[in-house]
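K.L.:
what's the 3D shape of this:
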Amino acid sequence: MRTRHSVRGKVAVVTGAGSGIGRELARELARRGARLALCDVDGEGLAATAALVRSGSPAVAVHTAVLDVADRAAVRAHADAVARHHGVVHQVYNNAGVSGGAQSVLDGDWRVFERTLAVNLHGVVHVSAAFLPHLIASGDGHVVNVSSLNGFFAQPKSADYCASKFAVRGFTECLRSELLAQGHPVRVTVVHPGGVRTGIASAGVAAAARHGVELTEDQRRRARVYEERLLRMPADRAARTVLDGVEAGRSRVLVGRDAVAVDLLVRALPAAAPAIAARLERRLFGAG
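P.N.:
The predicted structure is shown next:
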């Protein structure tokens, strides 16, 4: 029987808290009695999340900071600031992420590839490393890293995103092994969401455009297809699934029936997975 690990009274850091799963994690953590340290590169979205948390859970302590998780020095300063503000840090939810530009390896813009890795992978590493001393000192720490269904299933025109999410999975498993070997009081969980209704696809192409990337109609259409047909699970339900897994002490949390189904598929037919992904690509997006 698993031990329950309630988040009540814990200080929880949530990155990417300005929208989507991050916003709903913040709201659900507050409902369950956690104290919060929220950050996001989007200051307006972050302020909106903080307002929602405070209106729904007025007694919850909330610390906010505008932060780019790709900036290692800024992340270190943020970790120290949170520890000073709350006096202790128990949990980190590495949720911040971008979708990439829906581009192929052959003709993609490497500025997009590098930004995806900087946020999705380096951000997880920066935040985990910066907060680990505080989590260890708490005596009851927990690192929760959000990977993806694409952390075990690769799809065409998402090499940057899949590379980052596969790497988050590997980093998280290595971190868990290290902490177990060293006997530190920190649990580690990797989360693999399937299609969650967050707006990440359209945000990805919009970010690519802001970086000067000339987007094709195919890239814009892919974002629309994802958000209309594939990203279906409400973000609040995803957040509850994540926190139920954390409180149950699970080291791996699959979010959504699609994530569960694809996980079983990859385990049963690992060699066939790329061909299946190619067929799915043609069915959803056509030969182009």
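K.L.:
shaky segments in the stretch 101-250 of the chain?
P.N.:
Scanning the stretch 101-250 of the chain with the threshold set as pLDDT under 70 gives 199-230.
K.L.:
going along the chain, name the helices of it.
P.N.:
Ranges of helices within the stretch 101-250 of the chain are 110-117, 123-138, 159-182, 200-210, 217-225, 235-247, based on DSSP state H, counting those that start in this stretch.
K.L.:
could those go into TSV alongside distance to Thr189 and mean neighbour count?
P.N.:
Using the backbone N, CA and C atoms, a C-beta is placed for each residue, glycine as well. Output for the helices of the stretch 101-250 of the chain, formatted as TSV (distance: least, CB to CB, whole Å; neighbours: other CB atoms under 10 Å):
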stretch	distance to Thr189	mean neighbour count
helix 110-117	22	18
helix 123-138	12	21
helix 159-182	8	18
helix 200-210	21	19
helix 217-225	29	16
helix 235-247	6	20
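K.L.:
surely Val112 touches Ser104?
P.N.:
No. Between Val112 and Ser104 there is no contact under CB atoms under 8 Å: 11.4 Å.
K.L.:
about what we covered before: indicate which one of the helices of the stretch 101-250 of the chain is closest to Leu52.
P.N.:
Checking those against Leu52 by CB to CB gives helix 235-247 as the closest, at 11.2 Å.
K.L.:
dump the C-alpha coordinates for the closest one into PDB.
P.N.:
Included here for helix 235-247 are C-alpha records, laid out as PDB according to Å, rounded to 0.1, in the frame of the first residue of the first chain:
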ATOM      1  CA  ALA A 235      -6.300  21.400 -18.000                       C
ATOM      2  CA  ASP A 236      -8.000  21.300 -14.600                       C
ATOM      3  CA  ARG A 237      -8.600  17.600 -14.800                       C
ATOM      4  CA  ALA A 238      -4.900  17.100 -15.900                       C
ATOM      5  CA  ALA A 239      -3.800  19.000 -12.800                       C
ATOM      6  CA  ARG A 240      -5.900  16.900 -10.500                       C
ATOM      7  CA  THR A 241      -4.400  13.700 -12.100                       C
ATOM      8  CA  VAL A 242      -0.900  15.000 -11.600                       C
ATOM      9  CA  LEU A 243      -1.500  16.000  -7.900                       C
ATOM     10  CA  ASP A 244      -3.300  12.700  -7.200                       C
ATOM     11  CA  GLY A 245      -0.200  10.900  -8.500                       C
ATOM     12  CA  VAL A 246       2.100  13.100  -6.400                       C
ATOM     13  CA  GLU A 247       0.100  12.600  -3.200                       C
END
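K.L.:
quick one, strands of the protein?
P.N.:
Read by DSSP state E, the chain holds these strands, from start to end of the chain: 11-14, 35-40, 62-66, 91-94, 141-146, 186-193, 196-197, 233-234, 252-255.
K.L.:
also compute the angle for the third one relative to strand 35-40, please.
P.N.:
Here strand 62-66 points in a direction 20 degrees away from that of strand 35-40 (axes from the mean of the first three to the mean of the last three CA atoms, to 10 degrees).
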